[in-house]
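J.: please find the sequence and the predicted model below.
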Amino acid sequence: MSCLTKIAAVITNTCTNVPSAGLKVKAWIFNRGDVTWTVGASATLITAGVNAAGKQAYVMTAVKKEMDAGGEAVVDDNLPGLFKHSVTIQPYERDANSIINIDNMDDIVIVVELQGGLKTADLYTQGKFIILGYDNGLHKVAATWKALDNHGVPTYEFATRDGEEEKYSRYVFWPATDTYAAALDALVVLESIPE
């Protein structure tokens, strides 16, 4: 059984679109039920987000390689092609409220900014911002903390639950105005509670 469709576009690697590994230091974390997304012309293109009343996105800032994100295909002869999203974070905070905040975090959606990308006069093109956990959320699958490991910094991993995989490997956040500045501004707006 296969629900996958045939290839429908050319795939071209060019020297003007050189890949770059890693993430920018800022990510946006949403409680999945607190935001409504608008789908664009493609099923994987999200053009806007709106916070529910009294809700907001929470920013996470990670330095160096303290955050990782990605997707992995779930291949099964009896199921359609699906993907498991995952995000790993390493928060530094040690105060009591921060520990409660991160320990209780679950059913989240995260928007990350990829390093690099195709540069234009507006800096970057579509594909710079990626949404993970869009349909079914990300849930805590691992949390470790040891005083002698990694300078005492804990590691938390959030991923798609088994049986709740996403239809696509990732979703692109990019507004209809089609500029990097507009995409970044739209995410920054979501950091505030709507009036």
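T.: Received the coordinates, thanks.
J.: ok, the nearest residue in space to Arg170 that is not next to it in sequence - how many residues close by?
T.: Using C-beta to C-beta, 6 or more residues apart in numbering and skipping residues adjacent in sequence, the residue nearest Arg170 is Ile130, 4.7 Å away. (Glycine included, C-beta is placed from N, CA and C.) Residues lying near Ile130 (other C-beta atoms under 10 Å) number 24.
J.: when you give positions from now on, start the count at 287
T.: With the count now opening at 287, the last piece we talked about shows up as Ile416.
J.: neighbours around the residue nearest to Pro305 when sequence neighbours are not counted, how many?
T.: Spatially, and ignoring its direct neighbours in sequence, Pro305 is nearest to Gly402 (6.2 Å; C-beta to C-beta, 6+ apart). Each residue near Gly402 was counted by other C-beta under 10 Å, and the total is 14.
J.: right, and Gly402 touches Lys310 too?
T.: No - using C-beta atoms under 8 Å, Gly402 is not in contact with Lys310, being 9.9 Å away.
J.: which parts of the chain are strands?
T.: 309-317, 321-325, 331-337, 344-347, 353-360, 368-375, 394-400, 415-418, 425-430, 441-445, 457-459 (DSSP state E).
J.: tell me the phi and psi of the residue nearest to Pro305?
T.: phi 70, psi -160 (degrees, to the nearest 10).
J.: any idea how far Ser306 is from it?
T.: 3 Å (C-beta to C-beta, to the nearest Å).
J.: before we move on, what about Asp393?
T.: According to C-beta to C-beta, Asp393 stands 31 Å off from Ser306.
J.: more neighbours: which of the two?
T.: It is Asp393, of Asp393 and Ser306, that has more neighbours when counted by other C-beta under 10 Å, with 16 against 8.
J.: so who does Gly335 touch?
T.: Residues in contact with Gly335, defined by C-beta atoms under 8 Å, 6 or more residues apart in numbering, are Phe316, Val321, Thr322, Trp323, Thr324, Phe459, Ala472, Leu473, Leu476.
J.: which of these are buried, as a ChimeraX select command?
T.: Buried subset of the contacts of Gly335, written as a ChimeraX selection, criterion 16 or more other C-beta atoms under 10 Å:
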select :316,321,323,459,472,473,476
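J.: make JSON lines out of the contacts of Gly335 and add distance to Ala429.
T.: Listed next are the contacts of Gly335 as JSON lines, based on distance: C-beta to C-beta, whole Å:
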{"residue": "Phe316", "distance to Ala429": "20"}
{"residue": "Val321", "distance to Ala429": "24"}
{"residue": "Thr322", "distance to Ala429": "29"}
{"residue": "Trp323", "distance to Ala429": "27"}
{"residue": "Thr324", "distance to Ala429": "33"}
{"residue": "Phe459", "distance to Ala429": "27"}
{"residue": "Ala472", "distance to Ala429": "31"}
{"residue": "Leu473", "distance to Ala429": "26"}
{"residue": "Leu476", "distance to Ala429": "26"}
